[in-house]
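Novice: Give me a model of this one.
(chains A and B)
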Amino acid sequence: MRLPASIESLESFRSFVLHEMDCLDGFEELVPKVELALEEVLVNVISYAYPEGEGEIEIECLAESPESLRITVKDWGGPFNPLDHAGPDLTADISSRKVGGLGVYLVKHMADRLAYEYRDGANVLTVWFLKKP
Amino acid sequence: MELNGYKQEKYFIVKAGGRMDAISAPEFEKSCLEWIQQGETALVVDLGGLEYMSSAGLRSILVVGKKLKSIGGSLSFSSLTPNVAHVFSISSFGTLFPVYDTLEKALGN
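Specialist: Coordinates of the predicted model:
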């Protein structure tokens, strides 16, 4: 599914992925993790991928095996690896704690595996979720 | 997101339900800052009806928490659902704010 990189697309992407997961059957237990990781990844791309103007995001959702769900998020902004960013300082008190920076941290927590590559002019972030035995 | 606030003794209770995501979190932040502006400094946020929270929600909570801290106020939470409790836990928000099992406990009863 490909849509404009805008906050208005968030709900459509969410519905798409939840519908795909429903059709795949057997991945219900992963919904809370997938939903959260998806929002964080998409909001990141929407906020930073296209500083000069408009662009698009493409997502794909498929089962690699009966236990493994793979979601790929692609944008055509400048090369940017979200996984490179330093995590938040979770020990800071409320006065010094930075606002923001938790999105990627949450994605790393929710996903079982993550991979980034810049391929053919696109940022491609792949996120894997595994069913627990 | 469903959101409403009301005064109960010395506390101002904020009930948030539904989803606190990138779309709805700004509404939570704006409403809380308005209540603070009106003089409410002891906020207790009841999240019993909230099924989902993303980093946008955490960000708004932090903005409200910082504002209250700067004026000597307080911010606490109650009745977290399992998904929201998980997000609070991995982000260490439980060390930034008091979190109670029930609204009654948050109000000191």
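Novice: Longest helix in chain A, please.
Specialist: Criterion DSSP state H: the longest helix present in chain A is helix A:31-48.
Novice: can you list the residues that contact that one?
Specialist: The contact list for helix A:31-48, computed with CB atoms under 8 Å, 6 or more residues apart in numbering or on different chains, reads A:5-7, A:9-10, A:13-14, A:17-18, A:21, A:27, A:57, A:59, A:69, A:71, A:73, A:75, A:77, A:80, A:82, A:103-104, A:106-107, A:110-111, A:123, A:125, A:127, A:129, B:21-22, B:52, B:54-56, B:83, B:87. Where C-beta positions appear, they are placed from N, C-alpha and C, glycine not excepted.
Novice: Restricted to strands, list those residues.
Specialist: Counting by DSSP state E, the contacts of helix A:31-48 place A:57, A:59, A:69, A:71, A:73, A:75, A:123, A:125, A:127, A:129, B:52 in strands.
Novice: could those go into a markdown table alongside distance to residue A:86, neighbour count and pLDDT?
Specialist: Conversion of these to a markdown table gives the following (distance: CB to CB, whole Å; neighbours: other CB atoms under 10 Å in any protein chain shown; pLDDT from 0 to 100):
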| residue | distance to residue A:86 | neighbour count | pLDDT |
| --- | --- | --- | --- |
| A:57 | 25 | 25 | 98 |
| A:59 | 26 | 22 | 98 |
| A:69 | 28 | 24 | 97 |
| A:71 | 24 | 21 | 98 |
| A:73 | 21 | 22 | 98 |
| A:75 | 22 | 24 | 98 |
| A:123 | 19 | 21 | 98 |
| A:125 | 18 | 23 | 98 |
| A:127 | 20 | 25 | 98 |
| A:129 | 24 | 21 | 98 |
| B:52 | 26 | 19 | 98 |
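Novice: Kindly reformat those as CSV containing distance to residue B:6.
Specialist: Below are the ones in strands among the contacts of helix A:31-48 laid out as CSV (distance: CB to CB, whole Å):
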residue, distance to residue B:6
A:57, 40
A:59, 41
A:69, 42
A:71, 41
A:73, 41
A:75, 43
A:123, 46
A:125, 43
A:127, 41
A:129, 40
B:52, 24
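Novice: Centre-most residue in the chain?
Specialist: Just so you know, I chose chain A. residue A:41 (2.9 Å; CA atoms, centre = their mean).
Novice: try again with chain B
Specialist: Short answer for chain B (CA atoms, centre = their mean): residue B:45, at 3.7 Å.
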